[in-house]
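Predicted model and sequence follow; I will ask about them next.
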Amino acid sequence: MAMIDDSAARAALDAFGRVGTAMITPFTADGVLDAKAAEAVADHLIGLGNDMLVVSGTTGESPTTSDAEKAELLRIVRAAAGGRAKVIAGVGTNDTAHTLALAREAAAAGADGLLVVTPYYSKPSQAAITAHTRAVADSTDLPVMLYDIPGRSGVPLETPTLLALAEHPRILAVKDAKGRLDLAADVLSTGALAYYSGEDALNLPLMSVGAVGIVSVVGHVAADRLSALVSHAASDDFAAARAIAWELVPLVDAIMNHMPGVVAVKAALELQGVLGTRATRLPLLPADAAQVEFVRRALQRSDYLT
């Protein structure tokens, strides 16, 4: 596989793992954080082949969970993982002081690393993003994975910014959901940062230009096949990786393109018996009957539900 500098790849893989899922946050029917369900989901994900669990990302409904709930969820998942997977805490917000507090709380709760999204909505300059992110990286001793998703944040991490942030000893990787393979290849060619695919539809293309792993939503259901895809790509067997990617196209479409990913995944996990309820918190609504049936058919077509 044509890879980035080996030392950068090794550092990221040691810190974060290779196949990750941005884990949902389970709630009871009346909206309370469900500790037992969180344990069950974490165990399910690791059993499927994930060696990284990302908690309190947007798929984890982080905008609607309190700081105390985020810390509690992290402790629950860390205990359930029992060292079988890295547990990475999403701590990014558009308030630097709040992000620093979340980072320190995550470190105290036992996180293995931090996921830091570009500050959203306020559209800070690249210099401001750099200052914000360095402050987060300086706030703990944990390794940092950047999250570049301009479709949601409103501002991309530009290549000079990524290269400047890579100079920080704890900023090791980027979860890329920018949809620009050319820009990813620009950074990868420098050997400065490891890349993880953060967009399930682009897992294979990003692996082909040098990404070392993935952080998936579809991994709630299909981490077994995604793990095989990543392993084939890491071994330069792109024919085998491509066959898996093509096989997963309908499932990726069903989960990612017809309702919010967390809504589809919670419906899927309820159908599979992993979750007792598909409850979400407003402003998200749980899947309605038609959406559940849509997800059911997708799972059945992909052999993830009988």
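Sure, I can see it.

Would you map the strands across the protein?
Assigned by DSSP state E, the chain shows strands spanning 19-22, 52-55, 86-90, 113-117, 144-148, 171-176, 194-197, 213-216.

Now do the helices in the chain.
Defined through DSSP state H, the helices belonging to the chain, from first to last, are 6-16, 35-48, 67-81, 96-109, 126-139, 150-153, 159-165, 181-188, 203-208, 219-234, 238-256, 261-271, 289-301.

Over the shortest one, what's the mean pLDDT, rounded is fine.
Taken as a whole, helix 150-153 has a mean pLDDT of 95.

Using CSV, write out every CA atom in that helix.
Taking Å, rounded to 0.1, in the frame of the first residue of the first chain, the C-alpha atoms of helix 150-153 are listed here in CSV:
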residue,chain,number,x,y,z
PRO,A,150,-16.8,21.5,6.4
GLY,A,151,-20.3,20.5,5.3
ARG,A,152,-21.3,20.6,8.9
SER,A,153,-18.7,23.0,10.5
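
circling back: TSV please, covering the helices of the chain and showing distance to Gly57 and mean neighbour count.
All C-beta atoms are positioned from the backbone trio N, CA, C, and that covers glycine. Conversion of these to TSV gives the following (distance: least, C-beta to C-beta, whole Å; neighbours: other C-beta atoms under 10 Å):
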stretch	distance to Gly57	mean neighbour count
helix 6-16	13	18
helix 35-48	13	20
helix 67-81	11	20
helix 96-109	12	18
helix 126-139	15	18
helix 150-153	11	15
helix 159-165	19	18
helix 181-188	20	18
helix 203-208	17	22
helix 219-234	12	23
helix 238-256	15	17
helix 261-271	10	24
helix 289-301	20	16
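
Can you add distance to Pro205 and give the strands of the chain back as TSV?
Putting the strands of the chain into TSV (distance: least, C-beta to C-beta, whole Å) gives the following:
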stretch	distance to Pro205
strand 19-22	17
strand 52-55	20
strand 86-90	23
strand 113-117	22
strand 144-148	15
strand 171-176	11
strand 194-197	8
strand 213-216	12
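
Out of these, the one nearest Thr64 is which?
Nearest to Thr64 among the strands of the chain is strand 86-90 (13.1 Å), distances taken as C-beta to C-beta.

roughly how far is that closest one from the heart of the chain?
Using C-alpha atoms, centre = their mean, to the nearest Å, the mean C-alpha position of strand 86-90 is found 9 Å from that of the whole chain.

what comes into contact with that strand?
The contact list for strand 86-90 (C-beta atoms under 8 Å, 6 or more residues apart in numbering) reads 15-17, 20, 22, 51-58, 60, 62, 70, 74, 77-78, 81, 102-103, 106, 109-115, 117, 145, 147.

who does it pair up with?
Strand partners for strand 86-90, identified by DSSP bridges, are recorded as strand 52-55 (parallel), strand 113-117 (parallel).

Rebuild those strands as CSV, extending it with mean neighbour count, mean pLDDT and distance to Ala222.
Output for those, formatted as CSV (neighbours: other C-beta atoms under 10 Å; pLDDT from 0 to 100; distance: least, C-beta to C-beta, whole Å):
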stretch, mean neighbour count, mean pLDDT, distance to Ala222
strand 52-55, 29, 98, 15
strand 113-117, 26, 98, 21
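
For Tyr196, find the nearest of those strands.
Using C-beta to C-beta as the criterion, the shortest distance between Tyr196 and the strands paired with strand 86-90 is 8.8 Å, found for strand 52-55.

Could you list the alpha-carbon positions for the closest one in PDB?
What follows is strand 52-55 as a C-alpha-only set of coordinates in PDB (Å, rounded to 0.1, in the frame of the first residue of the first chain):
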ATOM      1  CA  MET A  52     -11.800   2.000  18.300                       C
ATOM      2  CA  LEU A  53     -15.000   3.400  19.800                       C
ATOM      3  CA  VAL A  54     -15.700   7.100  19.500                       C
ATOM      4  CA  VAL A  55     -18.100   8.400  22.100                       C
END
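
The chain should start at 648 in everything you say after this.
That works, and once the first residue is 648, the last one we named lands at strand 699-702.
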